[in-house]
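Asks: got a sequence here, can you build the structure:
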Amino acid sequence: MEASTQSVKSHLVSHMRDYGMLIALVAIIGLFQYLTNGIMLRPANLTNLFLQNSYIIVMAIGMLLVIVAGHIDLSVGSVVGFIGALAAVMIIQMGLPLVVVVPTCLFVGFVIGAIHGYWVAYWKIPSFIVTLAGMLVYRGLTLALLKGQSIGPFPRDFQRISTGFVPDYLGGASLNLMALGSGLILTAVLLMLAFQARRRAQKYGMEDEPWAFFLVKNGLIALAIVYIAYLLATYRGLPNVLVTMAVLIVVYTFITNKTTVGRRLYAIGGNIQAAKLTGIKAERLTFLAFANMGMLAALAGLIFTARLNTATPSAGFTFELDVIAAVFIGGASMSGGVGKVIGAVVGAIIMGVMNNGMSIMGVGIDWQQVIKGLVLLAAVIFDVYNKNKAR
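Replies: As a prediction, this is how the structure comes out:
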C-alpha cells in the first residue's frame with residue numbers, strides 16, 4: 001500500500017506540468033462555487049460561462065500552435081473586430097446570405113494570418129513587430145468599415161452561431177435528452193480511448209502511470225463530464241458553440257498528437273536549427289501556424305459578433321491579452337516547443353471562471369485585472385520552476 005502511494009505521488013510530481021493546471025481549475029471552481037453560494041455551477045450560469053468564453057477558447061487553440069512554434073500573435077483581437085465589422089457590412093448593408101458571408105470571413109481571416117506568416121517565416125521579421133503592426137492596421141480598418149458607428153442587429157440565423165442551441169431530437173420533456181446522451185457517449189468514448197492508449201503504452205513498455213492513479217483520474221473526468229451534461233440538460237441543452245469548441249478540440253488534439261505536421265511544429269519550437277538539419281521545412285510550418293491563427297480568429301470574430309448582436313468599433317479590444325494569458329496559464333512554454341491543446345483550453349476556462357466568479361461577487365474590473373495578472377505571473381513562474389528543476 002505504501003509503495004503504491006509513493007508510486008502515485010512520484011508520478012504526480014513528475015507530471016506536475018500536465019496536472020497542475022487541471023488541479024488549479026478544480027480548486028478555482030470549488031472556491032467560487034463556495035464564495036458565490038452555489039451560483040457558479042447553476043445550469044444557467046454554466047451555459048453562460050460557455051457562451052462568454054467560447055471565442056477565447058477558439059483563439060487559444062490557434063495561439064497555442066503559434067506559441068509552440070516559438071512566436072506570438074498580437075493581432076487577434078483586432079482581427080476579431082475587423083471580421084465582425086466585415087460580417088455586419090456584408091449581412092446588414094449588402095444583404096448577402098450566411099452561406100456566402102461565413103466562408104468569406106473565414107477566408108479573409110486565413111489570408112490575414114497568411115500575410116503575417118509570410119513576413120515572419122520568409123522575411124524573418126520578428127512576429128511581435130509584424131502582428132503589432134497588424135493589430136494597428138486592422139483596428140484602423142474596423143473603424144473605416146463601420147465609420148465609427150455600431151451596426152446591428154443581425155438576423156436570427158446569424159445569432160444562432162453563438163446563442164443557438166442544438167435541438168432535442170430525442171424529445172425530452174423536463175430533461176434535454178440530447179445533451180445528456182451526448183455527455184454519456186462522450187464519456188464512453190474517452191474512457192475507451194484512455195484504456196486503448198494505456199494498453200498500447202504497456203505493449204511498448206512506455207506506461208509509467210500507476211493503475212490506481214489511472215482509474216481515479218479517468219473516473220473523475222467521466223463524472224465531471226456526465227455532471228456538466230446533466231446540468232446543461234436541465235436548462236436549454238447543448239449550446240451550438242460548445243459543439244463547435246468540442247470539434248475544434250478533437251481535431252487540433254489529433255493534429256498536434258498524431259500527425260507529422262504536429263510533431264514537426266513542436267520540433268521547430270524546441271530547436272529550429274536542429275529541426276532544419278533533419279529536413280523539416282520550418283518556414284512552411286510557421287506560415288501555416290499563422291494562417292491557421294487568422295482563420296480561427298475570424299471564427300471567433302463571427303461568434304463574438306453573433307453573441308453581441310452588433311458590430312462595434314471597440315470589439316475585440318485586449319482579447320489578445322486574454323488569449324495569450326490562457327495559453328501560458330495552460331502550461332505552454334515561453335520559449336516554444338511545449339504545450340497542449342487541452343492545456344490551452346483549461347487555461348481559457350480558468351480565465352473565464354475567474355471573470356465570471358469575480359463578476360458575480362461584484363469585484364470591480366480594476367481588481368479583476370490585478371488578480372488575472374497575478375495568476376498569469378504565477379503560471380509563468382511555475383513553468384520556469386519546472387524547467388529549472390528538470391535540468
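Asks: CA atoms for contacts and neighbours, from now on please.
Replies: Noted.
Asks: list the contacts for Leu141?
Replies: The contact partners of Leu141, by C-alpha atoms under 8 Å, 6 or more residues apart in numbering, come to Phe82.
Asks: got a pLDDT number for it?
Replies: Residue-level confidence at Leu141 comes out at 96, pLDDT.
Asks: ramachandran angles for it?
Replies: The phi/psi pair for Leu141 (degrees, to the nearest 10) reads phi -70, psi -30.
Asks: how close does it sit to Ser314?
Replies: Counting by C-alpha to C-alpha, to the nearest Å, the separation of Leu141 from Ser314 is 12 Å.
Asks: for Ile268, same thing?
Replies: Counting by C-alpha to C-alpha, the gap from Ile268 to Ser314 is 35 Å.
Asks: and Leu25, by the same measure?
Replies: Using C-alpha to C-alpha, we find Leu25 at a distance of 30 Å from Ser314.
Asks: can you check Trp119 too?
Replies: Taking C-alpha to C-alpha as the measure, Trp119 falls 27 Å from Ser314.
Asks: re the thing from before, neighbour count winner among Ile268 and Ser314?
Replies: Regarding Ile268 and Ser314, a neighbour count based on other C-alpha atoms under 10 Å identifies Ile268 as having more, with 24 against 17.
Asks: would that one count as being in a helix?
Replies: Yes - under the criterion used here (DSSP: H, G, I helix; E, B strand; the rest coil), Ile268 sits inside a helix.
Asks: how about it: what's its closest non-neighbour residue?
Replies: Using C-alpha to C-alpha, 6 or more residues apart in numbering and skipping the chain neighbours, the partner closest in space to Ile268 is Ala275 (5.5 Å).
Asks: count of residues packed around that neighbour?
Replies: Close neighbours of Ala275, defined as other C-alpha under 10 Å, add up to 18.
Asks: please identify the helix or strand for it.
Replies: Ala275 is located in helix 272-277, with elements delineated by DSSP states H and E.
Asks: and what of Asn218?
Replies: Secondary structure from DSSP H and E places Asn218 in helix 211-233.
Asks: does anything pack onto that helix? Which helices or strands?
Replies: Packing partners of helix 211-233 (3 or more C-alpha pairs under 8 Å, 6 or more residues apart in numbering; DSSP states H and E): helix 43-68, helix 177-203.
Asks: enumerate the positions of that helix that are buried.
Replies: Within helix 211-233, the residues that qualify as buried by neighbour count (16 or more other C-alpha atoms under 10 Å) are Phe213, Asn218, Ala222, Ile225, Val226, Ile228, Ala229, Tyr230, Leu231, Leu232, Ala233.
Asks: got the contact list for the residue most central in space within the chain?
Replies: The residue at the geometric middle of the chain, judged as the C-alpha nearest the mean C-alpha position with C-alpha atoms, centre = their mean, is Ile57 (2.6 Å). Residues in contact with Ile57 (C-alpha under 8 Å, 6+ apart) are Met245, Val323, Ala344, Val345, Ala348, Ile349.
Asks: pretty sure the fifth one contacts Ile61?
Replies: Think Ala348. No - under the criterion of C-alpha atoms under 8 Å, Ala348 lies out of contact with Ile61, with a separation of 9.5 Å.
Asks: which among the buried residues of helix 211-233 gets closest to Gly279?
Replies: The shortest gap between Gly279 and any of the buried residues of helix 211-233 belongs to Asn218, at 38.6 Å (C-alpha to C-alpha).
Asks: next, count neighbours for the nearest residue to that closest one once chain neighbours are set aside.
Replies: On the basis of C-alpha to C-alpha, 6+ apart, the spatially nearest residue to Asn218 that is not a chain neighbour turns out to be Leu191, at 6.9 Å. Residue crowding around Leu191 was assessed by other C-alpha under 10 Å; the count is 17.
Asks: what's the answer for Lys258, then?
Replies: Number of residues near Lys258 (other C-alpha under 10 Å) recorded here: 11.
Asks: from Ala282, how far off is it?
Replies: Separation of Lys258 from Ala282 (C-alpha to C-alpha) stands at 19 Å.
Asks: just Leu376 next, same as before
Replies: 29 Å.
Asks: tell me which residues in stretch 356-368 are buried?
Replies: Going by 16+ other C-alpha under 10 Å, stretch 356-368 has these buried residues: Asn356, Gly357, Met358, Gln368.
Asks: quickly find the element holding the third one.
Replies: Okay, so that is Met358. Secondary-structure assignment from DSSP H and E places Met358 in helix 341-361.
Asks: the helix or strand just after that helix to helix 341-361, inter-axis angle?
Replies: Of the helices and strands lying after helix 341-361 in sequence (DSSP H and E), the nearest is helix 365-390. Between helix 365-390 and helix 341-361, the angle formed by their directions is 150 degrees, by axes from the mean of the first three to the mean of the last three C-alpha atoms, to 10 degrees.
Asks: so where is the stretch 151-300 of the chain shaky, pLDDT-wise?
Replies: 207-208 (pLDDT under 70).
Asks: change it to 80
Replies: 171-174, 205-209 (pLDDT under 80).
Asks: Gly81: what's it in contact with?
Replies: Contacts for Gly81 (C-alpha under 8 Å, 6+ apart) come out as Tyr138, Arg139, Thr142, Gly301, Ala311, Thr312, Pro313, Ser314, Ala315, Gly316, Phe317.
Asks: so of these, which ones are in helices?
Replies: The subset of the contacts of Gly81 located in helices under the criterion DSSP state H comprises Tyr138, Arg139, Thr142, Gly301.
Asks: so the residue lying closest to the second one once chain neighbours are set aside, which of the three states?
Replies: Translated: Arg139. Distances taken as C-alpha to C-alpha, 6+ apart place Ser78 nearest to Arg139, at 5.1 Å, with adjacent residues excluded. Ser78 falls in the helix class when you classify it by three-state DSSP.
Asks: what's the burial count for Ser78?
Replies: 30.
Asks: can you give me the helices for the stretch 1-150 of the chain?
Replies: If you assign secondary structure with DSSP state H, counting those that start in this stretch, the helices in the stretch 1-150 of the chain sit at 2-14, 16-35, 43-68, 76-88, 98-122, 127-146.
Asks: by how many degrees do the fourth one and helix 127-146 diverge?
Replies: Okay, so that is helix 76-88. Angle, helix 76-88 to helix 127-146, by the same axes, to 10 degrees: 30 degrees.
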